[in-house]
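Visitor: fold the following.
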Amino acid sequence: MTRSGEIPAVGGREAVRLVARREITERVREKSFLISMLVSVIIVGLVAVLPTALGLGGEKEYTVGVVDPSARPVADAAARGAGAFDARLEIQRLAPADAAKALADGDVDAVLGARGIRSQEKPDDELVRVLQAANRQVRAAQALRDAGLPPAQAQRALAPPPLAVTTVKPVDSAAEKRGGFAFFAVILLYGQLIGFGYFVAMGVVEEKSSRVVEVLLSTIRPRHLLAGKILGLGVLGLGQLLVLAVLGLAMAGAAGALDIDGDLIVAAALALVWFVVGYAFYAAAFATAASLVSRQEDLQSVITPLTLVLLVGFFMSFGVVSDPDGTLARVSSFIPPIAPLTMPPRIALGEASVVEIVGAFAVTIGATLLLIPLAARIYSGAVLRMGGTIKLRDAWRAART
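Guide: So this is what the prediction gives:
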């Protein structure tokens with residue numbers, strides 16, 4: 001993309017502001033950016049609404065046809081006890097001649113008769129367990145009655161009080177839903193970090209290969225150009241992520257997929273803050289790497305190490321979601337390149353203490369503050385040099401002081 005128009009000689013702060021505004025306005029005018037934003041909105045909407053609309057994550061529903069009166073007690077017992085298996089059964093009375101057609105048409109999941117269970121294909125294991133448990137209960141009750149035990153005693157023998165379940169730690173009834181939120185938050189953060197990091201790198205190479213950067217640096221200093229570019233795309237990325245987060249939470253709450261409360265909103269807000277911190281770190285690194293090359297064809301080779309680090313953090317975050325209080329989760333929260341992807345799910349799942357959150361922020365921000373001046377110097381020494389890939393040592397020595 002060719003950058004056009006000179007920026008008049010101005011002070012450092014004003015130059016950063018003008019470059020940032022230029023990055024935002026030019027990026028939002030690109031059709032590709034608008035299309036990607038629309039696709040992201042559609043994906044977030046589908047992820048928020050479809051699981052609930054399709055009945056995923058809730059009770060499984062089955063329809064069982066009964067073709068023999070002797071099988072009706074088993075079907076009724078299965079319907080009463082299905083809740084223990086997180087399932088719900090609907091019972092239909094069928095004539096034997098209609099059973100095959102009902103199975104073929106998908107009107108019933110299985111047909112229950114005196115000889116057993118019949119289905120079109122392999123029946124769901126959960127449905128089989130429900131029916132087998134009901135069959136054992138009915139057969140045992142019949143055996144007790146045949147042995148002369150009064151019906152009331154037989155019922156008490158077959159339905160003893162359930163075992164009480166207690167836990168040392170309080171049980172979060174919304175833990176599973178929060179796990180889904182944490183998983184999706186990681187995907188969004190990864191996509192934004194790698195996407196906008198690449199935007200920064202691509203913009204640097206485009207300006208360098210088209211020599212627009214030479215015009216820009218005739219009026220402003222390299223570090224102001226770098227700061228404005230990172231700031232502008234960062235504001236755009238944060239705005240896009242904010243839109244997706246608000247839309248996703250609103251739709252998930254309306255669909256019943258999430259219980260929106262104060263803790264969840266705080267977790268979402270902190271995820272946005274972690275994006276800012278992570279973006280500042282990676283944008284500086286991506287811009288530095290991109291300044292070492294002059295052609296788009298060479299860009300991938302210099303940013304591959306950074307994308308691999310992001311990918312490692314992305315895969316590590318899956319382990320954090322499954323065990324947010326484990327050693328991997330605790331250690332990775334204090335590794336600056338990884339923390340932006342591993343700390344947000346811990347916060348969302350309520351497994352990160354205030355001390356850990358503050359400490360992880362401090363470590364990551366500290367690493368970012370150390371990286372930025374180093375990145376600015378390397379960028380200054382490399383951005384005007386054309387040709388093959390520049391060595392870091394040469395860029396450092398060539399930096400303007």
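
Visitor: nearest residue to R129 other than its sequence neighbours?
Guide: Nearest residue to R129, sequence neighbours excluded (C-beta to C-beta, 6 or more residues apart in numbering): F85, at 6.2 Å. (Glycine included, C-beta is placed from N, CA and C.)

Visitor: tell me who's in contact with that neighbour.
Guide: F85 sits next to E126, R129, V130, A133 when contact means C-beta atoms under 8 Å, 6 or more residues apart in numbering.

Visitor: give me the mean pLDDT for whichever strand or helix holds R17.
Guide: Assigned by DSSP states H and E, R17 belongs to helix 12-28. Mean pLDDT, taken over the full extent of helix 12-28, equals 85.

Visitor: and it, what other elements does it pack with?
Guide: Packing contacts for helix 12-28, counted by 3 or more C-beta pairs under 8 Å, 6 or more residues apart in numbering; DSSP states H and E, involve helix 222-255.

Visitor: can you name the element that comes right after the helix it packs on?
Guide: Sequence-wise, the next helix or strand beyond helix 222-255 is helix 262-290, with elements assigned using DSSP H and E.

Visitor: from the chain's centroid, how far away is that following helix?
Guide: Here the centre of helix 262-290 is set off from its chain's centre by 14 Å, with C-alpha atoms, centre = their mean, to the nearest Å.

Visitor: and stretch 286-293, by the same measure?
Guide: Its chain's C-alpha centre and that of stretch 286-293 lie 29 Å apart, by C-alpha atoms, centre = their mean.

Visitor: do you know the pLDDT at the residue sitting nearest the centre point of the chain?
Guide: Closest residue to the average C-alpha location of the chain: F184 at 1.8 Å, with C-alpha atoms, centre = their mean. pLDDT recorded at F184 is 81.

Visitor: neighbours of the closest residue to it other than its chain neighbours, how many?
Guide: Nearest residue to F184 in three dimensions, chain neighbours excluded: V47, at 6.1 Å (C-beta to C-beta, 6+ apart). Other residues lying near V47 total 17 when counted by other C-beta atoms under 10 Å.

Visitor: how far out from the middle of the chain is the one helix or strand V47 maps to?
Guide: Counting by DSSP H and E, the element that carries V47 is helix 31-53. Offset of helix 31-53 from its chain centre (C-alpha atoms, centre = their mean): 13 Å.

Visitor: what is the rounded mean pLDDT of it?
Guide: Helix 31-53 comes out at a mean pLDDT of 77.

Visitor: give me the next element, helix or strand, following that helix.
Guide: Using DSSP H and E, the helix or strand that follows helix 31-53 towards the C-terminus is strand 60-66.

Visitor: next, the angle from the helix or strand just after that next one to strand 60-66.
Guide: Downstream of strand 60-66, the first helix or strand assigned by DSSP H and E is helix 72-81. If you take axes from the mean of the first three to the mean of the last three C-alpha atoms, to 10 degrees, helix 72-81 sits at 170 degrees to strand 60-66.

Visitor: helix 72-81 packs against which elements?
Guide: Counting by 3+ C-beta pairs under 8 Å, 6+ apart, the packing neighbours recorded for helix 72-81 are strand 60-66, strand 87-93, helix 125-146.

Visitor: give the buried residues for the longest one.
Guide: Of the residues in helix 125-146, L127, V130, L131, A133, A134, N135, Q137, V138, A141, L144 count as buried by neighbour count, 16 or more other C-beta atoms under 10 Å.
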